[in-house]
Each structure stands twice: as C-alpha cells, then as structure tokens.
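Colleague: Give the three-dimensional model of this entry:
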Amino acid sequence: MHHVLISDPDLADNSLLNKMLRSELVNCTSDLEVLRKDPNSPLYSVKSFEALSLKPEILKGVYGMGFNAPSKIQETALPSLLAEPPQNMIAQSQSGTGKTAAFVLTMLSRVDTSLNYPQCLCLAPTYELALQIGHVVEQMSKYMTSLRMVYAVRGGMRVTRGQLIDPHIVIGTPGTVLDWSTKFKVFDLKKIRVFVLDEADVMIATQGHQDQSIRVQRGLSKDCQMLLFSATYDSQVMKFAQAVVPDPIVIRLRREEESLKNIKQFFIRCSSLQEKFHALSNIYGAISIGQSMIFCHTRKAASWLAEQMTRQGHAVGMLSGELAVEQRAAVIERFRSAKEKVLITTNVSARGIDVEQVTVVVNFDLPVNMKGEADCETYLHRIGRTGRFGKRGLAINMVDGSRSMAIMQVIERHFERTIQKLDPDDIDQVEALEEDS
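Modeller: Numbers count the residues shown, from 1 in each chain. Next up is the predicted model:
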C-alpha cells in the first residue's frame, strides 16, 4: 500500500508541488469559474508573489502592505493580468478579496515612470471609492519614488483646457474623467495602457455613469488592457461588461447553491470508528464508485482506515503531514491517473487535487475550525470536488454522536439543503445511491 501522509504545506512546497503537477489548474476551482477564449491553453495559478516576476520595488511594496501570499482571486487572476501580450478581464469579486490590490499591481507593473503622461486610468463610481483605490496605489508604490497619481473627481484638481497633465495614474469618476479627456483634453485616452472599471454593478445603477464609462472606453486604443470588476454578475452587468471589455477572460464566483446543485448529500449515524468502517464497507461493496476522497480529522484515523481498506483489496493512497513534497506530488499524480481509486487525506483542503473523476466524497469526520465549530467553507470545498462540470456527485457524512449531529445541522442550515439519512444496512437504499451518482 502506498502511504503518503499531507498537511498544509508551506508556500515553497506549494509552488514546487504545482510545478510537479504541471501547473495545471482545472477550469473550475471549487469557488471560481474561469471562462476564456482558448479553453485548451493551460490556466496558470500562482501561490506566491515571487512567482510573478514583479519589479523589485513593487514586490517590496506588496510585502510592506502585509500581503504574504495571493488571495484566491489573485492566485487565478494575476498570471493572466500580468501576461504578455496583455489580456482583458472581467472578474466577479466581492470587496475583501484582494481585487483592488490585483488591479493596482497590474497598473504599477505596466507604468513607465520615465514617460510624463497618464498611462493607467481607473474609473470608480464614487469619490470615496476613488480615494480608497488611490490609498492602495500610494501604499503599493511606496518604493516607486518617481510615480505620480492624480484624482479626477468633482471638486478636485482644477484643469485648464489643453494644458497637459503629467501624473502616470489617473483615478476618477466617469463624468470628470470624460470632461478631462474629451472637453479639456488634458490627457490622451489613446496613450492609456491599462483601463480599470471598478464596481461595475454600482456604476450602472448610477444615473449617467454607464453612458459616460462607455464613452471613455471608446476613446481608448485597441491594445489598451481593459479590466472590469463587479461584486454581482447578473445579465445587466454582463451586458455592460461586454460593451466595455472586448474578448475578455471571465472569472466568476460560483455561488454555493450552484456548487451543491448536482450533489446528493447523506449522513450515516455511527457510534464508533468500527461502525463507520462497517458503513463504508457496505457502500463500497454495493455500488461501483469511480474515484473517491475520504477526509479524516486525525492522521491516526486516516492510517487506521487506509490499512482496513487496503486489507479489503482497495487501491488506497494517503496524504498527510510529514511527507516531502515529491512524495506528495507522486500520490496526487497516482490518484489523478486512477492508479489508486481511493484517496484518504487529513488535509483540510487537499489543495491541488482537482480530479474530474471524483464521484464520491466521504467526510469520515465532519470539518471543524480551531474552535471545534462547523467549518462550512471547508465542507463546501471538500464536497465541491464531486458534482463538477455538471456531473452528479455524492457526499456521505459520518455522524458519531450529538456533537457531530449539531455540526451537521449547522452545515444544513448554512446551505439551506437537507442532508438525508442513509441506513448503510438497508441494501436497497445503498444500491439506489448508484442512480444518484
């Protein structure tokens, strides 16, 4: 039996792991969906800011702000944002996800401070948001001593018709930016290299902003990189986004209910480790399971379970804390290539394991946070590995007492989905699972 044991690896390990796994990222991570022109080209994701080959002064600014590793949206968006030739992007992203830092990083990377004219333009729906974005620019460009920025907002700097301005970055609201560029002609839209439109959903709800934004965008050159961000992505925002951003990569957050739509969830009441294993044996004996992942809370439980299942003739791989990154990569690769059908893991997210053929996820222990409370996000990440790409999936939760019953009920309430009871000794009910998966 191939024993590999994995917990949360450090960043260096993570990036090495990604290299070993050919840096491939499945188009759907459990909460991001990426749509792009060429679905066959690999989609790279980064686990560290160093991997982006940033200018040293930008990297210093990023670390100075206290960012140690990219957030979820940054991991996926930054490699595309900083690629050559520049790529246009529409990204759905709530505040607090690091999207401002992502587009500020892009603007700073594309600016040539030896040229004395505006090269990056950011539109925001309100004066307050413009200032917020400007604050991030100031912090991140702290070591880019020659960088200049200006706010194009009502009541801000006075400009004179035809008198060209020399800041590298202009941040402003649509009406004032339109006046500056078309009426007063204080900067040339054709020379803008990066155009960002933030909070598009707020923008289209504000009288006049939508038309003004479109007019600004029409003045840009064809090879300007155009980026649009919005917290929601309904049909109205989508229509506006498509009018403003040609040929984009689209990053959308998959809503929790969409992630769970194709997954049947069950729970089994058990009073001991042995009973959990008995239930598992009945299920694995009765239905044909493609590939499955089993999550345990402790390494001890994972090792014990791996041993029991191997004795029953299952090809089992195991991931947990003390293994070297090479061994970890080898196990993931074996599971991906279906040499092992069952992967038992203690790791919270088992990152990097996105296997299309996973049809069953078993929570041998329900996920809890450091305080022992239900961890709904981890639950979603775990069971979201099945039911991918529109396929049906199956999630089975082992409940071994009143505490884990309470945890499961919190999860049920959070996702507003009933988790059905399953009797592992009722052969008809177990065999019916096959039709569900």
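Colleague: what's the spacing between the residue lying closest to Asp425 once chain neighbours are set aside and Cys270?
Modeller: Excluding the flanking residues, the one nearest Asp425 by C-beta to C-beta, 6 or more residues apart in numbering is Asn282, at 6.7 Å. In short, each C-beta sits where N, CA and C put it, glycine included. In this view, Asn282 and Cys270 are 12 Å apart by C-beta to C-beta, to the nearest Å.
Colleague: repeat for Val358
Modeller: Taken as C-beta to C-beta, the span from Val358 to Cys270 is 23 Å.
Colleague: ditto for Arg158
Modeller: 73 Å.
Colleague: which residues are contacting stretch 268-282?
Modeller: Contacting residues not belonging to stretch 268-282 are listed as 294, 301, 304-305, 308-309, 312, 362, 364, 396-401, 405, 421-425, 427, 430 [C-beta atoms under 8 Å, 6 or more residues apart in numbering].
Colleague: next one: stretch 166-176
Modeller: Residues from elsewhere that reach stretch 166-176 (C-beta under 8 Å, 6+ apart): 107, 111, 113, 115-127, 130, 133-134, 137, 147-154, 156, 177, 180, 187, 203, 208-209, 212-213, 216.
Colleague: Give me the distance from that stretch to the chain's centre.
Modeller: 30 Å (C-alpha atoms, centre = their mean, to the nearest Å).
Colleague: How about stretch 315-322?
Modeller: Counting by C-alpha atoms, centre = their mean, stretch 315-322 comes out at 25 Å from the chain centroid.
Colleague: for stretch 404-416, same thing?
Modeller: Centroid separation for stretch 404-416 versus its chain: 24 Å, with C-alpha atoms, centre = their mean.
Colleague: Please export the C-alpha coordinates of that stretch as PDB.
Modeller: Once non-C-alpha atoms are left out, stretch 404-416 reads as follows in PDB (Å, rounded to 0.1, in the frame of the first residue of the first chain):
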ATOM      1  CA  SER A 404     -21.200  15.900  15.200                       C
ATOM      2  CA  MET A 405     -25.000  15.900  14.700                       C
ATOM      3  CA  ALA A 406     -25.100  19.500  15.800                       C
ATOM      4  CA  ILE A 407     -22.200  20.400  13.500                       C
ATOM      5  CA  MET A 408     -24.100  18.700  10.600                       C
ATOM      6  CA  GLN A 409     -27.200  20.700  11.400                       C
ATOM      7  CA  VAL A 410     -25.300  24.000  11.300                       C
ATOM      8  CA  ILE A 411     -24.000  22.900   7.800                       C
ATOM      9  CA  GLU A 412     -27.500  22.100   6.700                       C
ATOM     10  CA  ARG A 413     -28.900  25.500   7.800                       C
ATOM     11  CA  HIS A 414     -26.000  27.300   6.300                       C
ATOM     12  CA  PHE A 415     -26.500  25.900   2.800                       C
ATOM     13  CA  GLU A 416     -30.300  25.500   3.200                       C
END
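Colleague: didn't Asp365 look like it was pressed against Val399?
Modeller: No - the criterion here is C-beta atoms under 8 Å, and Asp365 misses it with Val399 at 9.9 Å.
Colleague: Look up phi and psi at the residue lying closest to Gln210 once chain neighbours are set aside.
Modeller: In this structure, Gln210 finds its nearest non-sequential neighbour in Ile204, 4.8 Å apart by C-beta to C-beta, 6+ apart. Per-residue torsions, Ile204: phi -80, psi -10 (degrees, to the nearest 10).
Colleague: Kindly report the same for the one 4 residues further on.
Modeller: Backbone geometry at Gly208, expressed as degrees, to the nearest 10, gives phi 90, psi -30.
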